[in-house]
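K.L.:
Let me see the structure of the following:
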Amino acid sequence: MTPTITHIKDLVERCRQGDQRAQMEIYDRYYKAMYNTAYRITGHSAEAEDIMQEAFLSAFTKIDSFKETSTFGAWLKRIVVNESITAYNKIAKLGEVSYNDELKNEADSGGIALDEDDKNNKKVRMILNKIKSLKENYRLGLTLHLIEGYDYEEICEIMNISYANCRTMISRAKESLRKKLEDHEK
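P.N.:
Numbers count the residues shown, from 1 in each chain. Here you go, the predicted structure:
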């Protein structure tokens, strides 16, 4: 076992005992990656911030249900994705939520939350912006599949669609993205 894995297991055990310093260390360690996940799914900075609060609160109150059959990060990411999907569905049901300009400006200029290394890569930024411009269900499906790494079965469960619909949607989303990228290069 690597020192990092051992350290995380120790932090999880301390969280189970109610250690707030351990909770803060886990929050600091995972916040950025989990925020980016929530942001890519919802497309709204303020919504992603709310999801972070809910997801970490949920994780810390349900930490006893964490079984070490997966990593803590994967377990936490599942909570974040589920919270994000719930928020996304509410937004879709109510129509686009309008945020004031101050909140809109919290996101980076491209509207995509990127790691520092990726900000220098114009092609990555352009592709992510093209993904963001897809129809909502295409954007969500591709984000879950290509960026978050979920397989079709998991996406079916998350989006509450059949396997055939999932494959068709992902295929159409990829084709739509391919066309947008080709148009951009012309």
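
K.L.:
what about residue 77, which helix or strand?
P.N.:
For residue 77, the enclosing helix or strand under DSSP states H and E is helix 72-94.

K.L.:
Quick check: buried residues in that helix?
P.N.:
72, 75-81, 83-85, 87-88, 91 (16 or more other C-beta atoms under 10 Å). In short, each C-beta sits where N, CA and C put it, glycine included.

K.L.:
do stretch 8-15 as well
P.N.:
Using 16+ other C-beta under 10 Å as the test for burial, stretch 8-15 gives 8, 11, 12, 14, 15.

K.L.:
Now secondary structure too, for the residues you listed, in CSV please.
P.N.:
Below are the buried residues of stretch 8-15 laid out as CSV (DSSP: H, G, I helix; E, B strand; the rest coil):
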residue, secondary structure
8, helix
11, helix
12, helix
14, helix
15, helix
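
K.L.:
ok, of those residues, which one's closest to residue 52?
P.N.:
In terms of C-beta to C-beta, no member of these lies closer to residue 52 than residue 15, at 16.5 Å.

K.L.:
will you turn the buried residues of helix 72-94 into TSV that also has distance to residue 123 and pLDDT?
P.N.:
Listed next are the buried residues of helix 72-94 as TSV, based on distance: C-beta to C-beta, whole Å; pLDDT from 0 to 100:
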residue	distance to residue 123	pLDDT
72	33	89
75	32	91
76	30	93
77	26	90
78	30	88
79	32	93
80	27	93
81	26	90
83	30	92
84	26	90
85	28	86
87	29	87
88	27	81
91	29	74
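
K.L.:
need those residues in TSV with distance to residue 25, can you?
P.N.:
Compiled in TSV, these are given as follows (distance: C-beta to C-beta, whole Å):
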residue	distance to residue 25
72	12
75	16
76	13
77	18
78	20
79	18
80	18
81	22
83	21
84	23
85	27
87	26
88	29
91	32
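
K.L.:
mind giving me the domain ranges of this structure?
P.N.:
When the chain is parsed with automatic domain parsing, its domains come out as 1-107, 113-186.
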